[in-house]
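Enquirer: okay, here's the prediction I keep looking at, along with the sequence it came from:
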Amino acid sequence: MDIIATVGPKTMDKWVIKELIENGVNTLRLNCAHFNKDEFERVINYAKSINSEIHILVDLSGKKVRISKKLKYIYKVYNEQEVFFCGEDYYNSLNNKELGEKKYIPLNINAEKIKRSKIESLSIKDNTMNFQILDVKEGIIKTKVMKGGIIRAGKGCNISTINDNERIISKKDKDNILWAINNDLDIICQSFVESKQDIDEIIRFIGYKEEEKKYDIWAKIETPKGINNINDIITAVDTVVIGRGDLVAEAGILESVLLQEKAIKIVKSRNKRIIIATHILNSMKDGNLATLPEIESIYEFINKGVDGFLLAGETSIGRAPIQTIKFLKNVIKYYKKDIKSE
């Protein structure tokens, strides 16, 4: 069973990577939403020097709406404040006086895409920050902060019904794919896959043929639309990752449980692989002991035949990444033995 650890500020050092690998991690995930060429290449060199067979998963950004890198400031916003979200093109047209008068937050999309969409909800960072939509006019989303926090460039947003049916690979994803190929990495995972065409575009860009396949291409599914199209998507990939962080934000916490159940049943019935990502051991991310519901959840996933777990914040920014990996490995070992004996 796969144990995939996301590399981040807490897991960049060689000794930490060594401990992760020696305690059960068989795949390291590089999150291209926070791409840093020098840091990532250093991690690859460390990992390969420790275990030449370690897998490296390059997780592309996909169509995720994010706070644009063009954001000039870091804002702390409080409940009841007004915040204005806009396209990069509109943000670029603002002068310093206008930026000083209101909190304008550019998204990595243009104003026209906002105009074409019926936006009813907006949240940031896997629904940990929430905003009430007050008005959408001329590509500007006027909101009121319902649950505040820190807004900085690169943070993921969940926006209801954003009108985006384009299947073109972004320049950032193309650059990251070429980087992965140049570094001879073996797993390329596309995020926010909602149709088979999203994977077909990756395959066409790489230009490989099935009989000479060199790279494993995975589909990370994080929206209701993606799960509803999963039968079609798994004709193009052998492995599906269910990204529960964004799925909860996109579908709501109650519906997301039903959707992940649907995905597991379909994928396993087709003899394909499925990985469960995020919200695995969040308690340990904060330095606490795992909770009974978390352990029960892991047991149920193992019982349903999932093929592995992907840890995100638990290892990238968590307080105890090594202890978390050790614990997860022991839980998997204990319950797999129990399930086999039944």
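Expert: Great, that's in hand. Bear in mind the structure is a predicted one, so any value in this text is a computation, not a measurement. Residues are numbered from 1 along each chain as shown.

Enquirer: how close does the residue of the chain positioned farthest from its centre get to S61?
Expert: The C-alpha centroid of the chain is most remote from K97, which lies 35.6 Å away (Cα atoms, centre = their mean). Distance, K97 to S61, using Cβ to Cβ, to the nearest Å: 33 Å. (Glycine included, C-beta is placed from N, CA and C.)

Enquirer: which outside residues touch the worst-scoring helix or strand of the chain on mean pLDDT?
Expert: Of all helical and strand segments in the chain, the minimum by mean pLDDT, DSSP states H and E falls on helix 96-101, at a mean of 78. Residues from elsewhere that reach helix 96-101 (Cβ atoms under 8 Å, 6 or more residues apart in numbering): K72, Y73, Y104.

Enquirer: adding pLDDT, distance to V25 and neighbour count, write these out as TSV.
Expert: Formatted as TSV, these follow (pLDDT from 0 to 100; distance: Cβ to Cβ, whole Å; neighbours: other Cβ atoms under 10 Å):
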residue	pLDDT	distance to V25	neighbour count
K72	91	38	11
Y73	90	37	12
Y104	95	41	20
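
Enquirer: got any ranges where the chain has weak pLDDT?
Expert: Counting by pLDDT under 70, the chain contains low-confidence ranges at 163-167, 208-213, 340-342.

Enquirer: report the longest helix in it, please.
Expert: Ranked by residue count under DSSP state H, the longest helix found in the chain is helix 321-341.

Enquirer: contacting residues for V83?
Expert: Y75, V77, K103, I105, F131, T143, K144, V145, I151.

Enquirer: now it: phi and psi?
Expert: Main-chain dihedrals, V83, degrees, to the nearest 10: phi -130, psi 140.

Enquirer: hmm, back to that, so which of the contacts of helix 96-101 are in strands?
Expert: Y104 (DSSP state E).

Enquirer: need the contacts of helix 96-101 in JSON lines with distance to D2, can you?
Expert: JSON lines is the format used below for the contacts of helix 96-101 (distance: Cβ to Cβ, whole Å):
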{"residue": "K72", "distance to D2": "40"}
{"residue": "Y73", "distance to D2": "40"}
{"residue": "Y104", "distance to D2": "42"}
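
Enquirer: which of the contacts of helix 96-101 lies closest to G318?
Expert: Set against G318, the nearest of the contacts of helix 96-101 by Cβ to Cβ is Y73 (27.5 Å).

Enquirer: what is the neighbour count of the closest residue to the closest one other than its chain neighbours?
Expert: Among residues not flanking Y73 along the chain, L99 sits closest, at 8.0 Å (Cβ to Cβ, 6 or more residues apart in numbering). When counting by other Cβ atoms under 10 Å, one arrives at 13 neighbours for L99.
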